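*Asks:* Predicted model follows, preceded by the sequence.
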Amino acid sequence: MTQPAVESQTGSGPSDLELLGRRAPVLRFDARELFFPTSVDAYVGAASLHVGGSEFLAEGEVSLSDLGNDLGTASDLRFISDADRRNVVKDDLKRLARNLLTPRLGRVGLFGRILDALFMLTSLIRPMTPRRTAIASALKAERLGLHSKHVVYGRVVRDREWLVLHYAYFYVMNDWRSGYRGLNDHEADWEQAWIYCDPESLQPEWVVASSHDHDGQNLRRHWTDPELLTVGTRPVLFPGAGSHALYFRPGDYVTRLEVPALRWLLRIQAWSRRALRIRDEATERGLGPALGAPFVDSATGDGTEVSEWKVAQLDEASPWFGEFRGLWGLDTGDPAGGERGPSGPKFTRSGEVRVAWADPVGFAGLHGTPPPSAAKSRVNLEKLELAVDDLDIQIQRLGNLLPLAQQTGNPDEMQEESERLTELLRQRSELLDLKRRIVGGQTRVALRPRAHLTQPATPLPPPRDSGFILAGWAAASIPLLLLAVAAVVVFDRLEFAGLALIIVAVAAVAEQLARRHFQAVLRLLALYTFLVLFFVFVVGGVLVVSRYALGGLIGVGGVVLFVANLGELRAVQHYRSRAAEQQP
């Protein structure tokens with residue numbers, strides 16, 4: 001192996017590989033998981049390489065040394081061919097098919113179900129990963145023995161004051177959509193984890209686990225946080241079934257495909273909450289604020305546990321990692337991006353170096369948060385006095401500007417300057433409190449391991465006995481709304497819309513009562529008032545333009561959506577029946 005690009009440990013301390021192996025996280029998978037972290041070597045050797053949409057190297061001709069910078073971003077590896085998909089037989093489908101145990105639509109509210117319907121209907125026209133790709137990938141990985149030994153790639157980064165252990169896991173396939181009713185499928189998958197250690201003691205302080213496209217401090221847990229489970233010297237993480245997103249606790253998690261163009265609805269929702277004084281339960285549980293199609297990520301941890309790893313260093317000098325800016329799986333061209341193959345741990349799909357690679361400390365929101373050994377040397381009276389003097393200068397400057405802002409008569413500027421002055425005074429008070437503690441001999445600052453968390457991922461509560469009834473209603477509610485709209489458009493009768501809205505409103509109120517979300521009833525009434533006005537003034541105006549074509553299209557969409565939702569419910573019931581038959 002060529003010399004790794006990561007900085008090497010000097011002196012008599014442990015080597016980088018020893019450090020990585022000592023702290024390598026334990027992964028606990030869902031019992032239905034088909035894919036596990038493996039080596040990239042055999043995968044690449046069994047894939048074909050395409051550049052600009054044309055085959056560049058056929059299957060069996062590709063090696064890691066062929067993946068270089070000159071290929072550009074318009075290149076992708078393809079593990080499964082059309083012949084592989086055709087060779088999947090019915091017995092393979094029965095043996096390897098997986099279905100989510102809990103109906104996801106029964107776990108989310110009306111807004112989420114509306115956007116889920118829109119997302120599902122768009123999937124009928126978007127480029128998607130071809131059917132049977134997941135099963136063909138599982139069979140090929142089984143035939144090649146890719147899961148006989150679990151591999152984790154890693155590097156040691158000495159960035160500023162931290163020693164960072166960076167881990168990367170490679171999977172043959174992400175089958176979240178086809179296997180678990182999730183958001184997407186794509187060939188290949190990269191997931192990552194980071195452990196931030198004190199460089200003097202080598203003791204871990206923070207753990208960061210990648211979760212979809214999220215970043216920042218909400219991905220971080222302190223080593224002493226009770227939410228973080230450990231086994232000896234190693235943290236325990238729970239990969240989502242099919243998606244392989246990493247979580248700190250077992251359970252079902254709701255993730256959403258956010259729709260930026262509809263963020264104005266969030267503002268309306270927040271205004272109605274404040275006006276009606278309704279508590280936002282989703283935000284309190286770390287599920288908001290967000291607006292998007294909801295998907296359940298099942299990270300139960302009831303299956304295979306991987307604790308024995310072959311650790312391989314991420315080597316920037318090797319072409320496959322340091323230079324390959326293409327995709328590791330089939331590029332479907334999906335404009336939403338979810339069904340395209342992933343890029344690697346170093347580069348984004350556009351070929352830029354990832355923030356998580358170039359600045360792992362900033363990625364975790366740890367700039368300005370030194371490890372304990374550095375914090376002790378930072379806390380001294382001289383630095384504190386300089387900081388207080390600097391604040392005094394800023395406070396005096398703002399105190400001189402505020403009277404001028406009042407004379408200009410600009411209320412926004414006055415408010416901004418006043419808030420800034422208040423913040424500076426607060427900081428000065430805290431620094432003076434710290435100075436008094438140091439003078440009194442207290443040099444260690446109290447640690448608050450969860451103070452940085454604003455919206456941490458939180459498992460869903462277990463479904464109640466009425467969960468399947470709610471799921472049935474969730475499957476029918478949005479198709480019913482679409483059929484009502486279609487009836488209004490085709491028959492030019494607003495009475496259909498009014499009757500349907502009354503039925504849906506009554507059922508939705510009953511749904512919230514079944515969930516014991518009593519305060520949400522007020523929000524529902526406000527929402528349906530808005531919908532009535534919307535249908536009267538907006539849909540009524542559309543009736544004069546091609547109402548039969550438009551109504552037929554909406555009606556077909558409702559029927560397709562209802563059939564798809566019924567398929568999900570049947571799959572759930574089938575899985576439960578099979579599970580019951582296997583009970584002793």
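*Replies:* Looks like it arrived, so ask away. Numbering: from 1, shown residues only.
*Asks:* Can you pull out the low-pLDDT segments for the stretch 351-500 of the chain?
*Replies:* Filtered on pLDDT under 70, the stretch 351-500 of the chain yields the residue ranges 375-381, 404-413, 438, 440-447, 462-471, 489, 492-500.
*Asks:* And the helices in it?
*Replies:* For the stretch 351-500 of the chain, the helices defined by DSSP state H, counting those that start in this stretch occupy 355-358, 360-363, 372-378, 381-408, 411-439, 467-491, 494-515.
*Asks:* show me the contacts for the closest residue to G53 other than its chain neighbours.
*Replies:* Of all residues not flanking G53 in the chain, A74 sits nearest, at 7.7 Å (CB to CB, 6 or more residues apart in numbering). For every residue, glycine as well, the C-beta is placed using N, CA and C. Applying CB atoms under 8 Å, 6 or more residues apart in numbering to A74 gives the contacts V51, G52, G53, G326.
*Asks:* ok, of those residues, which one's closest to L17?
*Replies:* L17 has its nearest neighbour among the contacts of A74 in G326, at 27.9 Å by CB to CB.
*Asks:* I'd say the closest one and D70 touch.
*Replies:* No - between G326 and D70 there is no contact under CB atoms under 8 Å: 10.8 Å.
*Asks:* Just want to know which of these two has more residues nearby.
*Replies:* It is G326, of G326 and D70, that has more neighbours when counted by other CB atoms under 10 Å, with 25 against 9.
*Asks:* picking up where we left off before, in the contacts of A74, find the pair that's most separated.
*Replies:* G53 and G326 (12.1 Å).
*Asks:* picking that back up, filter the contacts of A74 down to the buried ones and express that as a PyMOL selection.
*Replies:* Buried subset of these, written as a PyMOL selection, criterion 16 or more other CB atoms under 10 Å:
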select buried, resi 326
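*Asks:* how about the helices in the stretch 1-150 of the chain?
*Replies:* 16-23, 40-45, 82-86, 90-96, 110-122, 133-144.
*Asks:* Let me see the residues that make contact with the second one.
*Replies:* Residues lying outside helix 40-45 but in contact with it, judged by CB under 8 Å, 6+ apart, are 60, 62-64, 67, 77, 79, 144-146, 170, 172, 188, 320.
*Asks:* Quick one: buried ones out of the residues you listed?
*Replies:* Among these, those classed as buried by 16+ other CB under 10 Å are V62, L67, L77, F79, L146, F170, V172, A188, W320.
*Asks:* With pLDDT and distance to R234 as new columns, can these be given to me in CSV?
*Replies:* CSV is the format used below for these (pLDDT from 0 to 100; distance: CB to CB, whole Å):
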residue, pLDDT, distance to R234
V62, 95, 34
L67, 92, 31
L77, 97, 31
F79, 97, 30
L146, 96, 24
F170, 98, 20
V172, 98, 25
A188, 97, 26
W320, 89, 27
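*Asks:* so which of these comes closest to A451?
*Replies:* Once CB to CB is applied, the member of the buried ones among the contacts of helix 40-45 that ends up nearest A451 is F170, at 34.5 Å.
*Asks:* Any idea how many residues pack against the closest residue to the closest one other than its chain neighbours?
*Replies:* Leaving out its chain neighbours, the residue that sits closest to F170 by CB to CB, 6+ apart is V40, at 5.3 Å. Neighbour count for V40, taken as other CB under 10 Å: 23.
*Asks:* Just the local confidence number for V40, please.
*Replies:* With respect to pLDDT, V40 scores 95.
*Asks:* Equivalent analysis for P226, please.
*Replies:* Model confidence at P226 (pLDDT) stands at 92.
*Asks:* now swap in the one 10 residues further on and tell me
*Replies:* For V236, the pLDDT comes out at 98.
*Asks:* And the nearest residue to it once chain neighbours are set aside, how far from P25?
*Replies:* Of all residues not flanking V236 in the chain, L229 sits nearest, at 4.1 Å (CB to CB, 6+ apart). Between L229 and P25 the computed distance is 10 Å (CB to CB, to the nearest Å).
*Asks:* more neighbours, those two?
*Replies:* Neighbour tally, L229 and P25, criterion other CB under 10 Å: the higher count belongs to P25, 24 against 18.
*Asks:* which ones are touching that one?
*Replies:* Y167, A193, I195, V207, A209, R234, P235, V236, L237.
*Asks:* And it, how far from L228?
*Replies:* P25 is 10 Å from L228, where distance means CB to CB.
*Asks:* Quickly list what's touching both of those two.
*Replies:* Joint contacts of P25 and L228 (CB under 8 Å, 6+ apart) are V207, P235, V236.
*Asks:* Now the two most distant members of the buried ones among the contacts of helix 40-45.
*Replies:* Applying CB to CB across the buried ones among the contacts of helix 40-45, the maximum distance is between L67 and L146, 18.1 Å.
*Asks:* rewinding a little: return the closest of the shared contacts of P25 and L228 with respect to P130.
*Replies:* Nearest to P130 among those is V236, at 35.4 Å by CB to CB.
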